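Peer 1: Sequence plus the predicted model coming up.
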Amino acid sequence: MAIKEEVLQYLRKSTGDVSGEELSERLGISRTAVWKAVNALREEGYEIASATRRGYHLLKEPDRIDAEDLLQNLDTQFLGKEIQVFKEIDSTNEEVKRQALRGAQDGLVIVSEEQNGGKGRLGRAWNSPFGTGLYFSFLLRPEHIPEPLTNATLLAGLGVARALRHVWGLDAKIKWPNDVVIGNKKVCGILTEMAAEMDKVQYIVPGIGINVGNQSFPDELAVKATSILIETGKPVKRSDVLLAILKELDKLFLKKEFPLKEYSELCVSLHKKVRYTRGLKSYTGTAFAIAPSGELMVRSDEDGTEIPISTGEVIVQGIYGQNI
């Protein structure tokens, strides 16, 4: 552990002021090293008070995501046993794919404070500002890949919704297939990618982006986006959100079963008017069920035909302020 982290851990455990002499003796480092470590922590946003003859006192920590801290508090069986945290990256999905090609282990989790090439579905960009959102992706090898593969995205959404509901009491629900919403606004988006050979899938990579500490959004997003901070009215540590979600995802991907009843109860797409596209033509209908294989079942307005939707854009009446 680096000197800076050792000093931070000691200050965290202390209830009062800690002298530079005590830190020096307990950690086996020089007083100068203590001073440099404290200044380095301050530069990273830690509020550390200091007073002559009294020493240092940790007042407030920034909302940083630390791999070692995550691993110490992780409650999973396979997911996240290796966690890597980046300050900035092009895309956590891309990094997982790069490491997968180099033989990375099943359950690897990549987190970044910021993405400069974050991706959404259908080629859209995902806004990933520093320090407010939670952006992570994880690697699933065949042992933990559900069948059909498309259910991986649905299970990821369910894991996020479970965590937000159970831990923070939020009325989080799922817009099929890849968004988590609170009310009619989006709090989380999911993008799942895969690599396959002719006869088998090598791996899949679900990527998750969550609005955690956003206090507001640009005008064009405010009508359809929300955050955990906005919904709870109080700050929430992003590392706590990640740990809660990984715990739920671990359970779901260990079983690899699709809990159809639970998913259906949390799916805001059901029993609403929807607009969908088949080929180059747009249609409307009413979503009435989720199939066991994960498709959204829609009853066509045109002739009452029951149509399974497995891919493409589905607009839901009232969600994100959209009208059919």
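Peer 2: Here it is on my side, so go on.

Peer 1: Tell me where the stretch 1-150 of the chain has strands.
Peer 2: Secondary structure of the stretch 1-150 of the chain (DSSP state E, counting those that start in this stretch): strands located at 47-51, 55-60, 83-86, 109-112, 133-138.

Peer 1: Format those as TSV; extra columns: distance to Phe253 and mean neighbour count.
Peer 2: Bear in mind the C-beta positions are built from the backbone N, C-alpha and C, glycine included. Shown next, in TSV, are the strands of the stretch 1-150 of the chain (distance: least, CB to CB, whole Å; neighbours: other CB atoms under 10 Å):
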stretch	distance to Phe253	mean neighbour count
strand 47-51	39	13
strand 55-60	36	16
strand 83-86	16	19
strand 109-112	12	25
strand 133-138	9	26
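
Peer 1: Of those, which is nearest Arg162?
Peer 2: Between Arg162 and the strands of the stretch 1-150 of the chain, the tightest spacing by CB to CB is seen for strand 133-138, at 15.6 Å.

Peer 1: Can you name the residues in contact with that closest one?
Peer 2: Applying CB atoms under 8 Å, 6 or more residues apart in numbering, the contact partners of strand 133-138 are 65, 79-80, 91-93, 95-96, 107-115, 118, 126, 128, 205-214, 238, 241-242, 249.

Peer 1: Mind doing that once more with 7 Å?
Peer 2: Under the contact criterion CB atoms under 7 Å, 6 or more residues apart in numbering, strand 133-138 has outside partners 79, 92-93, 96, 107-112, 115, 118, 128, 205-212, 238, 241-242.

Peer 1: Please work out the average pLDDT along it.
Peer 2: In this model, strand 133-138 has an average pLDDT of 96.

Peer 1: Neighbouring strands of that strand in the sheet, and parallel or not?
Peer 2: Strand 133-138 has its sheet partners listed here by DSSP bridges as strand 109-112 (antiparallel), strand 201-211 (antiparallel).

Peer 1: Quickly compare these and say which is most buried.
Peer 2: Mean neighbour count (mean count of other CB atoms under 10 Å) peaks for strand 109-112 among those, with a mean of 25.

Peer 1: Poorly predicted segments of this structure, please.
Peer 2: Scanning the chain for pLDDT under 70 picks out 1, 117-130.

Peer 1: the domain parsing of it - what is it?
Peer 2: 3-60, 67-266, 272-321 (automatic domain parsing).

Peer 1: Point out the most buried one among these.
Peer 2: Ranked by mean neighbour count, the domains of the chain are led by domain 67-266 with a mean of 18 (mean count of other CB under 10 Å).

Peer 1: And the helices in the stretch 101-250 of the chain?
Peer 2: Counting by DSSP state H, counting those that start in this stretch, one finds helices in the stretch 101-250 of the chain at the ranges 151-168, 219-222, 228-232, 238-255.

Peer 1: any idea how far the closest residue to Asn211 other than its chain neighbours lies from Asn151?
Peer 2: Among residues not flanking Asn211 along the chain, Ser227 sits closest, at 3.8 Å (CB to CB, 6 or more residues apart in numbering). Distance of Ser227 to Asn151, computed by CB to CB, to the nearest Å: 27 Å.

Peer 1: next one: Leu221
Peer 2: For Leu221 relative to Asn151 (CB to CB), the value is 29 Å.

Peer 1: Please tell me how far the residue nearest to Lys200 when sequence neighbours are not counted sits from Thr76.
Peer 2: Among residues not flanking Lys200 along the chain, Pro142 sits closest, at 7.0 Å (CB to CB, 6+ apart). Distance, Pro142 to Thr76, by CB to CB: 19 Å.

Peer 1: SS state for Met297?
Peer 2: Put simply, Met297 is strand when judged by DSSP: H, G, I helix; E, B strand; the rest coil.
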